[in-house]
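Asker: Turn this into a structure:
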Amino acid sequence: MKVLMAMSGGVDSSVAAALLKQDGHDVVGVTMRLWGGESDTGCCSVSDVDDARRVAQQIGIDHLVFNFSDDFNEQVVQPYIAAHAEGTTPNPCIECNRGLKFARLTERADALGFDAVATGHHARLVANANGDMRVHRGADDAKDQSYVVHMLAGRELQRTLFPVGNMTKAEVRKEAERLGLRTASKPDSQDVCFITSTGGRETFLGDRIPFHPAKVVDMAGKQVGEVDSVEMVTIGQRRGIGLYKTEEKRFVVDVDTANRIVVVGSDADLMRTGVALQAMVWASGEAVAGEYRVQCSAHGASLPCTAEILSDNRVQLTLHEAHRRIAPGQSAVLYDPSDSYVVAGGLVNAASAWPASVGATA
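Answerer: This next block holds a predicted model:
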């Protein structure tokens, strides 16, 4: 099989490429040049491209570089900036997977005559009783990445490969060491590639959108502080929210960028029993109401819930136990009741949750 292997310059994709080659596939490595600006974190630096190229040489496969910087700016960077301006909390790495690392790369693979696209994600693809593929959790619970590839559906599921999904991270590094790969001890990338460690999110956004001060009020509407930039505040935040002197622990419960108001409350005020999702992607292509488990962050625990199907590709979830409110713009992923495989995923709606103690839309 002719496989286009996405190589980020990390150890997972390096070993994935080597395994495919060992299995007899015709493998070509490709590194996507995404972010053209300053970068000292993430997976888009010049050194990462060089590492990928050198690993390809080590294992004896060709290596290409695709310049998707315009697509990346349009589909990831600009929406990230716009989301902050609107008061939501985006997840750029998921949007990069959605628009670039799968959709755009699959499109290019089709044009070049490849049979499949492979990545180094820690997830597994397993066929169900009907022969349809589903994204299952990776073998390593601590490194499972099924959450960040939840958007795969239809044809993309049928022609994607995750060669290291059945391995633990320790096993991946051990294999890399056995093969003598230069990436064997390379640390995992942790940050958004276009946010530098020196400037941070505030510098990046401050250079691109105006910041606006906002009042900080308590649940009764009384002003208890002020912030310099409402665009930098997110649900659940505790530090850096400009509170006047207080001994109480307070968290951001809501953000109103239009009226420049930040609402703070106790941890109990954050608890919710419902959340609405929009822009749903169903692995089967069909929206089905029922009992599921929902995961609302890359490494968070999943929670039991009941899903009600709404119009316009929306879903209303009722959580079986209260959970801290999820910031609008974040992804929520539904798994089957056994918590084994991805059923669907969507984006948390801004007007999504009702308080656990009230039971009515907030």
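
Asker: Strands along the stretch 51-200 of the chain, start to end?
Answerer: 62-67, 116-118, 123-127, 133-137, 160-161 (DSSP state E, counting those that start in this stretch).

Asker: can I get the ones you listed in TSV with mean pLDDT and distance to Tyr244?
Answerer: For every residue, glycine as well, the C-beta is placed using N, CA and C. Shown next, in TSV, are those (pLDDT from 0 to 100; distance: least, CB to CB, whole Å):
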stretch	mean pLDDT	distance to Tyr244
strand 62-67	95	50
strand 116-118	97	53
strand 123-127	96	46
strand 133-137	96	45
strand 160-161	96	52
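
Asker: Those: which one's closest to Arg272?
Answerer: Proximity to Arg272, assessed across the strands of the stretch 51-200 of the chain by CB to CB, is greatest for strand 133-137 (25.1 Å).

Asker: helices or strands next to that closest one in the packing?
Answerer: strand 123-127, helix 155-158, strand 342-348 (3 or more CB pairs under 8 Å, 6 or more residues apart in numbering; DSSP states H and E).

Asker: Residues contacting it, please?
Answerer: If you take CB atoms under 8 Å, 6 or more residues apart in numbering as the criterion, strand 133-137 is touched by 123-128, 144, 146, 149-150, 152, 157-158, 165, 283, 335, 339-342.

Asker: Among these, the buried ones, what's the ChimeraX command?
Answerer: Selection of buried members from the contacts of strand 133-137 for ChimeraX, criterion 16 or more other CB atoms under 10 Å:
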select :123,124,125,144,146,149,150,152,157,165,283,335,341,342
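
Asker: what sits up against the helix or strand of the chain with the lowest mean pLDDT?
Answerer: When the helices and strands of the chain are scored by mean pLDDT, DSSP states H and E, helix 155-158 comes last with a mean of 87. Helix 155-158 has contacts (CB under 8 Å, 6+ apart) with Phe102, Ala103, Thr106, Leu125, Asp132, Met133, Arg134, Val135, Ala283.

Asker: Tell me who's in contact with Val27.
Answerer: Contacts of Val27 by CB under 8 Å, 6+ apart are Val3, Met5, Ala17, Leu20, Lys21, Ile61, Ala118.

Asker: Over to Met151?
Answerer: So Met151 contacts Ile94, Asn97, Arg98, Phe102, Val281, Gly345 (CB under 8 Å, 6+ apart).

Asker: how about the helices and strands packed on strand 133-137, which one is nearest Pro90?
Answerer: That would be strand 342-348 among these, by CB to CB, at 9.1 Å.

Asker: got a winner among the contacts of Met151 for most neighbours?
Answerer: Neighbour counts for those peak at Gly345, which has 29 neighbours (criterion: other CB atoms under 10 Å).

Asker: Which strand residues bridge Gly346?
Answerer: Ala332 (DSSP bridges).

Asker: Now do it: how many residues are near it, please.
Answerer: 23.

Asker: Surely it touches Asp312?
Answerer: No. The criterion here is CB atoms under 8 Å, and Gly346 misses it with Asp312 at 11.4 Å.

Asker: shared neighbours of those two, anything?
Answerer: Gln278.

Asker: On the three-state scheme, Ala220 is what?
Answerer: Classification of Ala220 using DSSP: H, G, I helix; E, B strand; the rest coil returns coil.

Asker: Now do the most centrally placed residue in the chain against Gly87, distance only.
Answerer: Centroid-nearest residue in the chain: Ile94, 3.2 Å away (criterion: CA atoms, centre = their mean). Ile94 sits 19 Å away from Gly87, taking CB to CB, to the nearest Å as the criterion.

Asker: those helices in the stretch 201-350 of the chain, which residues are they?
Answerer: Applying DSSP state H, counting those that start in this stretch to the stretch 201-350 of the chain gives helices spanning 267-270.
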